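Undergrad: Below: sequence and its predicted model.
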Amino acid sequence: MEAGRPFNVKEFILGTAIATSLFMIVAVSPVVGFVFSLLAPLPIAFFSWRMGRVPGIAMYALSIGLLLAVFRIGGFAESVPFFAVLGSAGILIPEVVRRQHRIETTVGLSVAAFLALIAGTLVGYSLALERSVPEILRGYVGESIRYSIALYEEIGLPQDQIDVLRESAPEVAAWILNHGIALLVTGVTFFIWLNVLGLRFLCQDRDPSFPDFGDLTRWKMPDWAVWFVIASGIAMIVPEETLQIAGLNVLIVVLFLYLLQGLAIVQFFFRQKNIPRYLRALFYALIVLYQYLLVFVSALGLFDLWVDFRKMNRPASDTTA
């Protein structure tokens, strides 16, 4: 179902300028740019939803074209395919949202399509460079670690800690490569989930055709998902390295999904207790700064299966939320 409005030149130019600016920030500032990269496709997704598929694709193509022109002047045009893939989420997500699925299906289909796009891009790179995909990935991971260490040196991390990082770099690279599938799936899922929620925030009160995903603070994983936690735990204690790696990959993905459930629980109580927005923002900032809080929130989501923190298993007549 096409939800487009009449073409608006002013909105088109504004959307193109915002999208291109976000791409540029990502390109010139790796640290700050990482944050912006998470929502970089949102302007294209928003205007694609408002104006329709063809204007959205035109905005995407023009943004990438402008980026290519600037990058050619700067001499780093090889980064453009990354931004082409990143920005394509702005076309892909509205296409899935128009199908009016539930939030799980919307995010799941978008993640599957985006992963297929990444896989296709990697295969294309492999053919163009005449190098295997694993070889390209090993080179990328090694380069990323070297870049990170150089960044730590620039911000003044003590030399003894830099030396420790440099010595442990091969082990870190091996761990990333062994668990790259889980890291990719969770990363892409978080990226898509964030942009779907962003699009919902921008569109839901303005456009009645935007799908009603319901009360997301009451979202939960299906109960049978806990068997993936149990199976992956068993695989990790089997004295076979391949099974251990596969088990940890599955465990990372499932615990990430329970993390989303934990965040829904936290948001549920924030709303129920009428916690001020600045305290909610402080909590989410602490999660970003102290990653061990992610374990706590993920455990909250997992144990909700037995504890039922939001009392969602009560009979309908007893439910007052």
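TA: Thanks, I have the structure now.

Undergrad: which residues touch Arg310?
TA: Thr217, Arg218, Ile265, Phe268, Asp304, Ala321 (CB atoms under 8 Å, 6 or more residues apart in numbering). (Each C-beta comes from the backbone N, C-alpha and C, glycine too.)

Undergrad: hmm, which two among these are most spread apart?
TA: By the measure CB to CB, Asp304 and Ala321 form the most distant pair in those, at 14.5 Å.

Undergrad: Please identify which of those two sits among more neighbours.
TA: Asp304 (19 against 12; other CB atoms under 10 Å).

Undergrad: so the more buried one touches Arg218, yeah?
TA: No - Asp304 lies out of contact with Arg218 (CB atoms under 8 Å); the separation is 11.0 Å.

Undergrad: Show the pLDDT at the closest residue to Tyr152 other than its chain neighbours.
TA: Leaving aside its sequence neighbours, Tyr152 sits nearest to Ile162 (CB to CB, 6 or more residues apart in numbering; 6.1 Å). On pLDDT, Ile162 comes in at 84.

Undergrad: list the contacts for Ile162?
TA: Ile149, Tyr152, Glu153.

Undergrad: Generate a ChimeraX selection restricted to the buried subset of those.
TA: Of the contacts of Ile162, the buried ones can be selected in ChimeraX as follows, counting by 16 or more other CB atoms under 10 Å:
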select :149
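
Undergrad: what would the contacts of Ile162 look like in TSV with pLDDT, secondary structure and distance to Pro6?
TA: Below are the contacts of Ile162 laid out as TSV (pLDDT from 0 to 100; DSSP: H, G, I helix; E, B strand; the rest coil; distance: CB to CB, whole Å):
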residue	pLDDT	secondary structure	distance to Pro6
Ile149	83	helix	52
Tyr152	78	helix	51
Glu153	79	helix	54
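
Undergrad: Would you mind putting the contacts of Ile162 into TSV with distance to Pro170 alongside?
TA: Listed next are the contacts of Ile162 as TSV, based on distance: CB to CB, whole Å:
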residue	distance to Pro170
Ile149	12
Tyr152	17
Glu153	19
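
Undergrad: now, which of the contacts of Ile162 sits nearest Tyr140?
TA: Ile149 (15.3 Å).

Undergrad: Surely the closest one touches Leu165?
TA: Yes - Ile149 is in contact with Leu165 according to CB under 8 Å; the separation is 5.3 Å.

Undergrad: Next one: the residue nearest to Tyr152 relative to Pro239, how far apart?
TA: 36 Å (CB to CB, to the nearest Å).

Undergrad: Repeat that for Trp193.
TA: 36 Å.

Undergrad: and these two? which has more neighbours close in?
TA: Between Trp193 and Pro239, counted using other CB under 10 Å, the more crowded position is Trp193 (19 against 6).

Undergrad: Could you pull up the residues touching the most centrally placed residue in the chain?
TA: For the chain, the residue nearest the mean C-alpha position is Phe191 (1.7 Å; CA atoms, centre = their mean). When contacts are counted by CB under 8 Å, 6+ apart, Phe191 touches Leu38, Ala89, Phe114.

Undergrad: Could you rerun that using 6 Å?
TA: Leu38 (CB atoms under 6 Å, 6 or more residues apart in numbering).

Undergrad: go on, Ala84?
TA: Ile64.

Undergrad: Report the secondary structure element holding it.
TA: Assigned by DSSP states H and E, Ala84 belongs to helix 80-97.

Undergrad: Output that helix as CSV, nothing but the C-alphas.
TA: Extracted in CSV, the C-alpha atoms of helix 80-97 (Å, rounded to 0.1, in the frame of the first residue of the first chain):
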residue,chain,number,x,y,z
VAL,A,80,30.7,5.3,-0.8
PRO,A,81,29.5,1.6,-1.0
PHE,A,82,29.3,1.6,2.8
PHE,A,83,27.1,4.7,2.8
ALA,A,84,25.1,3.2,-0.1
VAL,A,85,24.3,0.2,2.0
LEU,A,86,23.7,2.3,5.1
GLY,A,87,21.3,4.6,3.4
SER,A,88,19.4,1.8,1.6
ALA,A,89,17.7,1.1,5.0
GLY,A,90,15.8,4.3,4.4
ILE,A,91,14.2,2.7,1.4
LEU,A,92,13.9,-0.8,2.8
ILE,A,93,12.2,0.0,6.1
PRO,A,94,9.2,2.0,4.8
GLU,A,95,8.7,-0.7,2.2
VAL,A,96,8.3,-3.3,5.0
VAL,A,97,6.3,-0.9,7.2
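
Undergrad: how about that helix: buried residues?
TA: So, applying 16+ other CB under 10 Å, buried residues of helix 80-97: 80, 83-97.

Undergrad: same deal with stretch 286-296?
TA: Ile287, Leu294.
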